[in-house]
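A.B. asks: Next one to model:
(2 chains)
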Amino acid sequence: MSLELVLQYLVAGLTYGTIYAVVGVGFNIIYNATGIINFAQGEFVMLGGMTAVTLHGLVPLPLAIAGAVAVTMVVGALIEVSFIRWLRKPSVLRMVVITIGISIVVREGALLLWGESVRALPYFTGNEVTSLAFAGVHVSPQVLWSLATCLAIVGFLWFFFQHTSVGRQMRACAANRDAAALCGIPTRNLVTLSFVLSAGIGALAGCVVSPITYTSYGIGSGLAIKGFTVAILGGLGNSMAAVGAGFLVGILEAASVSLLPAAYKDAVSVALLLAILFLRPSGIFGSSAVERLRAH
Amino acid sequence: MKKLVLAAAVLGFSALSASAVEKAPLKIGALLAVTGPAAFLGAPEARTLEMLVEELNAKGGIDGRKIQLVVKDTTGSPEKAVSFAKQLIEEEQVFAIIGPATSGETLQIKAIVEEAKALLISCAAAEKIVDPVAAHVFNVAPKDRYAAEMIFRQMKKMGVKKFGLLSSNTGFGTAGKEQVEKGAAAAGLEIAANEVYDKAATDLTAEVTKLKAAGVDAILNWSIEPAQAIVIKNARQIGLTIPIFQSHGFANIQYARTAGAAAEGVMFPASRIVVADALPAKHPQKAVVMAYKSAYEKKYKEDVSTFGGHAWDALQILVRAVQSAGLDREKVRTAIENMKGHVGTAGVFNYSPTDHNGLTIDAFAMLTVKDGKFVMLGE
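C.D. replies: Model prediction:
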């Protein structure tokens, strides 16, 4: 295989990886605040994309994206306030069931609102056939946009959780909610904030990937599965790890396509997930995620 | 509470006796993927049926009976299609079933329908639906084989020697892949790469890179999902400028629109309905396709598609058979089997005991995308 082809496969892997990672990081925020996985995360991604497409009919693209992020954040807050906030001591299992229920409701609502048709935002730069060529290797500018967005989100989250008071409070809240409350941390408001943040990040992800993947009412769960996979692979709660894992899965999938029939692509990523779960249950970039989950 | 039950029973009874005065309605079942990944097939089909039933009922129904349409949303899942098929046959006791929209679902329920001696008019295209012939199963979508032949003809005209085949892991994709594999060698074409992708695929850059590595002269993609728009985008993005062919699954303008600039020049076989306006006035199908197109577009404010046309054809064929044969299911079955020269949106149907599809390769025209619109491919 020529070097050019190897690099082209690498670009394909990078594209997959970016999509997975940008969706995957959204899982970490709610996890960091509550220790649960929000199974409605994919629906935030879908809502962001769909709302932006609708708004784009009325306002320029940057405004449409900002609007979609804002709308989805409000939805995230509403969901938390109406379904989760009033629970006294929600068990992990109960929260999981609730978030799955929410995802179904949101999906059906989107079906009623937008119908079943497939939509997409326009490419941020150029159009469907534009690509940048480096030494015979082609990459769509939208992939670079997604990559940049992904890195910006991770940078923001790292700063937020490590270096702001609210972020630290959120982590305290996940580690031990009772103790955090005793220290005067408004744990309930922080949980609401975590839903707002992850809804916003999901929506942003939905906007940047929509020119690549297209969007429709049902796209959330499919994207969420891969996003969830990379979030687990990297080690829950660690956004940078999710991005690393995203690229690893993406590049492995692309490599598998080059060697095996393409039909095995998903089998390869699931096999990797299983292997990691057996060998390193806390993820490749091993944080103490599993212990944290057990503490609940 | 007791009173309420009683009142409900009385109400129900009176409703029953009121309807007994008129003739009982004719129940027709529809198994369609109204939602889910195949919704772009099932949703226009369901809308078409609703529109047509409304229109027929306004005219007094068939034989003085109103038509009662029972639509079951299979979401494109063969498992659901199976259980809904049983429900329609055993519980609802429908006179006939229209749909399913996808080949995978139709193939799953073919044996069930045949065993129950129910009547099925499928809107899906796979060859296996009518080959081997099942006495009670018909379809109205042109065969995959003809679509493949149309594509091969065009490839040869353009001097293509070897092409790359991509297909999705659905009933439609698999059935199409089989037909292409079967016919390519006879047409003097080599399949240099042959890849299957997941129906929910969101990006196919690696797959098209593999085709590029195989040095193909053209790409043929066979699927019905959004992936068919993603394939052409990714191929152009990695710098492939070779001709791209799609199956008749591409005949939904939505995908040409979502693929935008990448869709330009894509070639595919489709029924004439999608280029209805461009048909010459003396074309035998002109009147039928224009009647359907204008009614549908007026009512639903969206472009007509081949698939809605299949539902239109299925119900019209059924109605015509009932009008000539009455309400005996076996006689209606025989009437469909002997129907000749029925002009539909997909073509002119000539059924026979050995041909439950009724269409020929002439049902297809080769189309291409120009300035975001479907047009006839110039000679």
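A.B. asks: Sketch out the strands for the stretch 51-200 of chain A, chain order is fine.
C.D. replies: With strands called from DSSP state E, counting those that start in this stretch, the stretch 51-200 of chain A shows them at A:132-134, A:137-139.
A.B. asks: For the stretch 51-200 of chain A, which residues are neighbours of chain B?
C.D. replies: Residues of the stretch 51-200 of chain A lying close to chain B by C-beta under 8 Å from any C-beta of the partner chain are A:111, A:115-120, A:122, A:127-131, A:133, A:138-140. Any C-beta I mention is one placed from the backbone N, CA and C, and that applies to glycine too.
A.B. asks: one more time with 7 Å, if that's ok
C.D. replies: A:Leu111, A:Glu116, A:Ser117, A:Val118, A:Ala120, A:Asn127, A:Glu128, A:Val129, A:Ser131, A:Ala133, A:His138, A:Ser140 (C-beta under 7 Å from any C-beta of the partner chain).
A.B. asks: need the residues you listed in CSV with neighbour count, can you?
C.D. replies: Output for those, formatted as CSV (neighbours: other C-beta atoms under 10 Å in any protein chain shown):
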residue, neighbour count
A:Leu111, 17
A:Glu116, 20
A:Ser117, 15
A:Val118, 21
A:Ala120, 25
A:Asn127, 16
A:Glu128, 24
A:Val129, 20
A:Ser131, 19
A:Ala133, 10
A:His138, 22
A:Ser140, 28
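A.B. asks: on that earlier part again, could you tell me the least trusted of the strands of the stretch 51-200 of chain A?
C.D. replies: Across those, strand A:132-134 has the smallest mean pLDDT, namely a mean of 84.
A.B. asks: Give me the contact list for that one.
C.D. replies: The contact list for strand A:132-134 (C-beta atoms under 7 Å, 6 or more residues apart in numbering or on different chains) reads A:Val139, A:Pro141, B:Gly239.
A.B. asks: hmm, which of these are the buried ones?
C.D. replies: The neighbour-count test (16 or more other C-beta atoms under 10 Å in any protein chain shown) applied to the contacts of strand A:132-134 identifies A:Val139, A:Pro141 as buried.
A.B. asks: Just the closest of the contacts of strand A:132-134 to A:Arg280, please.
C.D. replies: Set against A:Arg280, the nearest of the contacts of strand A:132-134 by C-beta to C-beta is A:Val139 (31.5 Å).
A.B. asks: Kindly state the beta-bridge partners for that closest one.
C.D. replies: Taking DSSP bridges as the rule, A:Val139 bridges to A:Leu132.
A.B. asks: I'd guessed it sits against A:Thr130; true?
C.D. replies: No. Using C-beta atoms under 7 Å, A:Val139 and A:Thr130 do not qualify as a contacting pair, with a distance of 10.2 Å.
A.B. asks: ok now stretch A:265-279, how far from the chain's centre?
C.D. replies: Here the centre of stretch A:265-279 is set off from its chain's centre by 19 Å, with C-alpha atoms, centre = their mean, to the nearest Å.
A.B. asks: now swap in stretch B:357-373 and tell me
C.D. replies: How far stretch B:357-373 lies from its chain's middle: 14 Å, per C-alpha atoms, centre = their mean.
A.B. asks: What residues does B:Thr48 make contact with?
C.D. replies: Counting by C-beta under 7 Å, 6+ apart, B:Thr48 touches B:Tyr296, B:Gly308, B:Ala311, B:Trp312.
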